[in-house]
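# this one's sequence-less:
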Ligand code: SF4
Ligand code: SF4
């Protein structure tokens with residue numbers, strides 16, 4: 001049986017950083033990622049705040065190092081984990097891609113011709129074919145076929161991708177593959193899920209095309225995204241003249257998520273920056289409860305975004321609804337000026353809260369608290385180590401964190417594993 005030192009589950013920024021640091025220290029790492037490209041949510045962002053660095057540059061830098069030294073299993077999930085002495089016996093299942101990546105040259109002719117177009121992750125502005133790359137992710141160069149949506153697997157006659165492929169890479173006969181190996185340590189870095197905005201009925205996310213989420217704005221602002229970087233209204237594909245950005249959607253709420261997402265205020269400022277940078281004539285409003293931007297360079301970023309001309313209103317609308325096919329309306333009481341605003345805007349951006357994605361790892365039963373986040377062995381002194389010996393949780397699976405904090409946790413987990421391996425600590 002093959003042996004690795006560490007299994008890392010999740011190929012976003014935290015999982016990538018941990019994999020790189022561990023391999024640099026001489027450890028053998030097996031990295032499992034459920035999607036068919038590395039990078040996680042970060043890879044789909046346009047820029048990272050407050051530095052406003054292109055996220056694709058950060059992800060490409062990290063992944064170029066990870067590819068070199070790590071055993072990488074893309075489009076894969078951990079099927080089972082059993083304890084055996086000092087080791088974990090791990091089974092990893094790789095989904096069939098139905099595309100032979102050793103033949104595929106990434107020309108993407110198949111994607112252009114596939115007749116299926118369905119919404120990506122329920123997003124309004126992003127439709128993807130059944131053979132697809134990950135929208136906005138610069139590392140997603142070769143496609144896979146989604147067997148649940150492809151007409152061939154529904155018994156229909158479509159073979160367009162196979163007929164068009166110049167290198168005969170389409171392979172409908174692929175089957176799932178299982179690999180078994182043993183390892184000493186496990187790092188879970190499965191990140192977060194965005195809270196479902198449809199659960200907040202009073203914000204009409206499902207009822208009006210021009211009410212979108214912050215993640216959707218990231219994708220349409222991204223030059224690699226579906227509109228090639230143009231910010232447009234889903235209703236007409238024209239640029240909006242007025243935009244309201246609503247913070248704390250689903251967060252800090254008894255009914256939805258009790259916790260603060262920690263990144264929403266900075267993200268709302270970043271989104272105001274995107275809009276004013278690309279559409280300088282647009283009216284932009286940020287509607288917020290409190291403006292929480294602690295940390296190095298964040299206050300400066302707040303001033304920078306504010307001074308670009310955004311109107312800040314200290315209040316959250318109780319209801320958002322369509323005023324016409326193109327317009328959305330809301331009322332907000334501004335606690336700062338004691339003024340009642342009646343806003344009619346072309347586009348609404350909902351900054352939706354985040355939930356841990358720890359449940360994705362069904363093979364390991366990590367104890368979780370009331371808030372559904374994983375428990376740690378010491379709440380203050382050691383937040384990344386779980387009560388199960390030699391299993392760590394880092395990044396947004398562990399707590400709501402920003403990108404820098406996620407990377408710092410990855411580095412902390414690496415240090416702990418090196419010290420444990422050398423017998424310096426238990
Ligand atoms: S047409 Fe063939 S070679 Fe081109 S991206 Fe599709 S599968 Fe790959
Ligand atoms: S067989 Fe047809 S539906 Fe399926 S991926 Fe190929 S082109 Fe799309």
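Structure received. No experiment lies behind these values; they were computed from the predicted model shown. Residues are numbered from 1 along each chain as shown. Ligands and ions are numbered 1, 2, ... in the order given.

# switch to C-alpha atoms for all contacts and neighbour counts from now on
OK.

# which ones are touching residue 362?
residue 79 (C-alpha atoms under 8 Å, 6 or more residues apart in numbering).

# tell me the phi and psi of it?
Torsion angles at residue 362 (phi, psi; degrees, to the nearest 10) stand at phi -70, psi -20.

# Okay, buried residues for the helix or strand where residue 65 lies please.
Take DSSP states H and E as the rule and residue 65 turns out to sit in helix 55-69. Residues 55-56, 58-60, 62-63, 65-66, 69 are the ones in helix 55-69 that count as buried (16 or more other C-alpha atoms under 10 Å).

# Going by distance to residue 414, which of these wins?
For these, the residue nearest residue 414 by C-alpha to C-alpha is residue 66; the value is 14.5 Å.

# Now the closest one. Nearest residue, chain neighbours left out?
Leaving aside its sequence neighbours, residue 66 sits nearest to residue 20 (C-alpha to C-alpha, 6 or more residues apart in numbering; 5.5 Å).

# follow-up on the earlier one: kindly reformat the buried residues of helix 55-69 as a markdown table and extend each row with distance to residue 24.
Below are these laid out as a markdown table (distance: C-alpha to C-alpha, whole Å):
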| residue | distance to residue 24 |
| --- | --- |
| 55 | 23 |
| 56 | 23 |
| 58 | 18 |
| 59 | 18 |
| 60 | 18 |
| 62 | 13 |
| 63 | 14 |
| 65 | 10 |
| 66 | 10 |
| 69 | 9 |
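
# From those, which one has the minimum pLDDT?
Within those, pLDDT reaches its minimum at residue 66, with 74.

# residues contacting that one?
16, 19-20.

# Export those residues to a markdown table and append columns for pLDDT and neighbour count.
Output for the contacts of residue 66, formatted as a markdown table (pLDDT from 0 to 100; neighbours: other C-alpha atoms under 10 Å):
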| residue | pLDDT | neighbour count |
| --- | --- | --- |
| 16 | 95 | 29 |
| 19 | 96 | 34 |
| 20 | 94 | 25 |
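
# of all these, which comes closest to residue 272?
Using C-alpha to C-alpha, the contacts of residue 66 come closest to residue 272 at residue 16, 29.5 Å.

# Which stretches in the stretch 301-426 of the chain count as strands?
311-314, 320-322, 328-334, 339-345, 347-352, 354-356, 391-393 (DSSP state E, counting those that start in this stretch).

# How about the stretch 51-200 of the chain?
53-54, 71-73, 76-84, 87-94, 118-119, 127-128, 131-132, 144-145, 177-183, 185-188, 192-194.

# Residue most distant from the centroid, this protein?
For the chain, the residue at maximal distance from the C-alpha centroid (C-alpha atoms, centre = their mean) is residue 338, at 37.2 Å.

# what about it, distance to residue 286?
Relative to residue 286, residue 338 is positioned 16 Å away (C-alpha to C-alpha, to the nearest Å).

# before we move on, what about residue 408?
Relative to residue 286, and taking C-alpha to C-alpha, residue 408 is found at 30 Å.

# Looking at those two, which has the bigger crowd around it?
residue 286 (23 against 16; other C-alpha atoms under 10 Å).

# Before we go further, that one is sitting in a strand, right?
Yes. Judged by DSSP: H, G, I helix; E, B strand; the rest coil, residue 286 forms part of a strand.

# partners of it in the sheet?
With DSSP bridges applied, residue 286 shows beta-bridge pairing to residue 245, residue 312.

# That one against residue 309, yeah?
No. Using C-alpha atoms under 8 Å, residue 286 is not in contact with residue 309, being 10.9 Å away.

# How about the residues of the stretch 101-250 of the chain by ligand 2?
Contact residues, the stretch 101-250 of the chain versus ligand 2 (C-alpha under 6 Å from any ligand atom): 114-116, 130-131, 145, 150-152, 158-161.

# Tell me how far stretch 151-159 lies from the chain's centre.
31 Å (C-alpha atoms, centre = their mean, to the nearest Å).

# now the end-to-end length of it.
8 Å.

# one step back: JSON lines please, covering the buried residues of helix 55-69 and showing distance to ligand 1.
Formatted as JSON lines, those follow (distance: C-alpha to the nearest ligand atom, whole Å):
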{"residue": "55", "distance to ligand 1": "24"}
{"residue": "56", "distance to ligand 1": "21"}
{"residue": "58", "distance to ligand 1": "25"}
{"residue": "59", "distance to ligand 1": "22"}
{"residue": "60", "distance to ligand 1": "20"}
{"residue": "62", "distance to ligand 1": "24"}
{"residue": "63", "distance to ligand 1": "21"}
{"residue": "65", "distance to ligand 1": "24"}
{"residue": "66", "distance to ligand 1": "23"}
{"residue": "69", "distance to ligand 1": "25"}
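
# where along the stretch 251-400 of the chain do the helices fall?
Assigned by DSSP state H, counting those that start in this stretch, the helices in the stretch 251-400 of the chain fall at 264-278, 298-306.

# elements contacting the longest one?
What it means is helix 264-278. If you count contacts as 3 or more C-alpha pairs under 8 Å, 6 or more residues apart in numbering; DSSP states H and E, helix 264-278 packs onto helix 214-221, strand 242-249, strand 283-288, helix 298-306, strand 347-352.

# tilt between the second one and strand 283-288?
Spelled out, that is strand 242-249. 10 degrees (axes from the mean of the first three to the mean of the last three C-alpha atoms, to 10 degrees).

# In strand 242-249, which residues are buried?
So, applying 16+ other C-alpha under 10 Å, buried residues of strand 242-249: 242-249.

# Output the below-cut-off pLDDT ranges for this protein.
Applying pLDDT under 70 to the chain flags no residue at all.

# can you list the domains in it?
2-94+176-191+357-421, 109-164, 195-353 (automatic domain parsing).
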